[in-house]
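>>> have a look; sequence and predicted model below, questions after that.
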Amino acid sequence: MNELSSDYTGCPALIYDLDGNHLGNTIVTYYEKAALRIEIREIPSTLSPGAACRVLILASPSPCEYQGRVIKEGQRFQIAMYMGQVKENRGTARYKINIAAMIENLIYDGRAYPLYSRLKVTILNISKSGVRLSGPKHSLMDGDRFQMRMNISGNDKLLIADVVNRIDLAGDASEYGCRFLIGSERVV
């Protein structure tokens, strides 16, 4: 079993119910590794203390997913993680989300090349291993590596991903299945 092993303070976090419904976004304000707890800035209004939820933390080197229960101590909110409920990379649940993002750079041979015009995309779903994007038709090809910037609860996050597959839709849009890279927040 993995446990909280990184400093997640300041990381954006996406919160879902156990059925995969997106409840809201927040920021990790503190983590307690020994007790498997994270403190968060706020909880979605639909969650109450004691409620079970899933949290996708957009952490470095790669996103991670936990399941836990909401705890309120005074004015502070925490999510106590279930021991043994850390999700592994393969077969992770994908969560629906509708967040705008920008692809800023393409990466080739370990170097980032800025795009002349940033590519606006929409994140359709996300997991700790990847994302599905919607964007202009033929903007990305299978195997393209890129840097993508997204903003969650006022916190910018820069992630690197590879395009695994592309589906061209009717009209001028395509969907892109992408996989996050380990160490994706490091400067290339």
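The structure has been received and is ready for your questions. Quick caveat: nothing in here was measured; it's all calculated off a predicted structure.
>>> list the contacts for residue 22?
Shown in contact with residue 22 (CB atoms under 8 Å, 6 or more residues apart in numbering): 14-16, 95-97. Bear in mind the C-beta positions are built from the backbone N, C-alpha and C, glycine included.
>>> JSON lines please, covering the residues you listed and showing secondary structure, pLDDT and distance to residue 149.
Converted to JSON lines, the contacts of residue 22 look like this (DSSP: H, G, I helix; E, B strand; the rest coil; pLDDT from 0 to 100; distance: CB to CB, whole Å):
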{"residue": "14", "secondary structure": "strand", "pLDDT": "90", "distance to residue 149": "16"}
{"residue": "15", "secondary structure": "strand", "pLDDT": "91", "distance to residue 149": "21"}
{"residue": "16", "secondary structure": "strand", "pLDDT": "90", "distance to residue 149": "22"}
{"residue": "95", "secondary structure": "strand", "pLDDT": "87", "distance to residue 149": "20"}
{"residue": "96", "secondary structure": "strand", "pLDDT": "88", "distance to residue 149": "21"}
{"residue": "97", "secondary structure": "strand", "pLDDT": "89", "distance to residue 149": "16"}
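>>> and the two most separated of these?
15 and 96 (13.0 Å; CB to CB).
>>> and the contacts of the lengthiest strand in the chain?
Ranked by residue count under DSSP state E, the longest strand found in the chain is strand 111-126. Outside of strand 111-126, the residues within contact range by CB under 8 Å, 6+ apart are 14, 56, 63, 94-107, 131-136, 139-140, 147-148, 150, 175-176, 188.
>>> one more time with 7 Å, if that's ok
Contacts with strand 111-126, where a contact means CB atoms under 7 Å, 6 or more residues apart in numbering, come from 14, 56, 94-106, 131-135, 139, 147, 150, 175, 188.
>>> now the buried members of those residues.
Among those, those scoring as buried are 14, 56, 94-95, 97, 99, 101, 103, 105-106, 131-133, 135, 139, 147, 150, 175 (criterion: 16 or more other CB atoms under 10 Å).
>>> restricted to strands, list those.
14, 56, 95, 97, 99, 101, 103, 105-106, 131-133, 135, 147, 150, 175.
>>> and which of those residues is nearest to residue 47?
Residue 47 lies nearest to residue 14 out of those, by CB to CB, at 12.9 Å.
>>> who's the closest residue to the closest one other than its chain neighbours bridged to?
Distance criterion CB to CB, 6 or more residues apart in numbering; nearest residue to residue 14, sequence neighbours excluded, is residue 56 at 4.4 Å. Note on residue 56: beta-bridge partners by DSSP bridges are residue 14, residue 65.
>>> now do residue 43 against residue 70, distance only.
Distance, residue 43 to residue 70, using CB to CB, to the nearest Å: 6 Å.
>>> and for the two, which residues touch both?
Common neighbours of residue 43 and residue 70 (CB under 7 Å, 6+ apart) are residue 77.
>>> what stretches of the protein score poorly on pLDDT?
1-6, 34-35, 60-61, 83-92, 182-188 (pLDDT under 70).
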